[in-house]
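In: Provided below are the primary sequence and the corresponding predicted coordinates.
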Amino acid sequence: AQKITQTQPGMFVQEKEAVTLDCTYDTSDQSYGLFWYKQPSSGEMIFLIYQGSYDEQNATEGRYSLNFQKARKSANLVISASQLGDSAMYFCAMREAGSGYALNFGKGTSLLVTP
Amino acid sequence: DGGITQSPKYLFRKEGQNVTLSCEQNLNHDAMYWYRQDPGQGLRLIYYSQIVNDFQKGDIAEGYSVSREKKESFPLTVTSAQKNPTAFYLCASSRDRGRPEQYFGPGTRLTVT
């Protein structure tokens, strides 16, 4: 069964606008971590933000914030003030306590920022 | 500069040949990972290692082998038993404690014909 679901294959946003990328997850563990990565066309995976399952506050890193709704098992990424350089694939991932350190990735959302 | 290096960036092989992908890190991380990415897909775990001389299979380990003789190095061999080896391969590492995020290398794009 898919542990990470990203339902938006592609998204468009205008420069300077905010955009939300959706991510839902499935786990029976109490302790887990949620991650967002950016993959530009070069292929390298760039870490953006992390949220632990016990963290009470939503994580923020600069223009990135994670809207964590534990009861709904959702961990949406919000990018504020989009820039042209934000155009890339975005992947949501989860690490469960029971699977060592490995990450489960979703299939990704392609974001295109337009002028 | 600290980071993860993978070489080469592009690799071409004939079907039936084994090929070894290099992954080196100077971040002093204990854990290292290999992922495979196919077009339009997320990453899938091949193998991971949390300590020298020890490694575990991931979701798609069949047709692959690894070694971890040094903390800095985690090479991946794609054997002739791997039925669909053409893919983008990414190596990552992470700390054993503290911040849990994985840091990735630039990847190797393997094409087998």
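Out: Received, thanks. What you see is a predicted model; the values in this text were computed from it and never measured.

In: in stretch A:59-76, what's buried?
Out: Neighbour-count burial for stretch A:59-76 flags A:59, A:64, A:65, A:66, A:67, A:68, A:74, A:75, A:76 (criterion: 16 or more other CB atoms under 10 Å in any protein chain shown). Placement of C-beta: from N, CA and C, glycine included.

In: for the second one, name its beta-bridge partners.
Out: With DSSP bridges as the criterion, residue A:64 is bridged to residue A:61, residue A:79.

In: find the centremost residue of chain B, please.
Out: Nearest to the mean C-alpha position of chain B, by CA atoms, centre = their mean, lies residue B:34 at 3.0 Å.

In: as a markdown table, the buried residues of stretch A:59-76 with secondary structure would be great.
Out: What follows is these, written out as a markdown table (DSSP: H, G, I helix; E, B strand; the rest coil):
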| residue | secondary structure |
| --- | --- |
| A:59 | coil |
| A:64 | strand |
| A:65 | strand |
| A:66 | strand |
| A:67 | strand |
| A:68 | strand |
| A:74 | strand |
| A:75 | strand |
| A:76 | strand |
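
In: of the residues you listed, closest to residue B:78?
Out: Nearest to residue B:78 among the buried residues of stretch A:59-76: residue A:75, at 32.9 Å, using CB to CB.

In: got the contact list for the closest residue to the closest one other than its chain neighbours?
Out: Nearest non-adjacent residue to residue A:75, counting by CB to CB, 6 or more residues apart in numbering or on different chains: residue A:34, 4.3 Å away. Residues near residue A:34 by CB atoms under 8 Å, 6 or more residues apart in numbering or on different chains: A:23, A:25, A:50, A:51, A:52, A:53, A:66, A:68, A:75, A:92, A:93, A:94.

In: would a markdown table of these with pLDDT and secondary structure be doable?
Out: Output for those, formatted as a markdown table (pLDDT from 0 to 100; DSSP: H, G, I helix; E, B strand; the rest coil):
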| residue | pLDDT | secondary structure |
| --- | --- | --- |
| A:23 | 98 | coil |
| A:25 | 97 | strand |
| A:50 | 95 | strand |
| A:51 | 96 | strand |
| A:52 | 93 | strand |
| A:53 | 93 | coil |
| A:66 | 97 | strand |
| A:68 | 97 | strand |
| A:75 | 98 | strand |
| A:92 | 97 | strand |
| A:93 | 96 | strand |
| A:94 | 94 | strand |
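
In: ok, those residues vs chain B, which is closest?
Out: Using CB to the nearest CB, residue A:50 comes nearest to chain B of these, at 5.5 Å.

In: what is the neighbour count of the closest one?
Out: Using other CB atoms under 10 Å in any protein chain shown, residue A:50 has 18 neighbouring residues.

In: partner residues bridging it?
Out: Beta-bridge partners recorded for residue A:50 (DSSP bridges): residue A:35.

In: ok, it touching residue B:100?
Out: Yes - the criterion here is CB atoms under 8 Å, and residue A:50 meets it with residue B:100 at 6.6 Å.

In: which residues are in contact with each of the two?
Out: Contacts common to residue A:50 and residue B:100, judged by CB under 8 Å, 6+ apart, are residue A:33.
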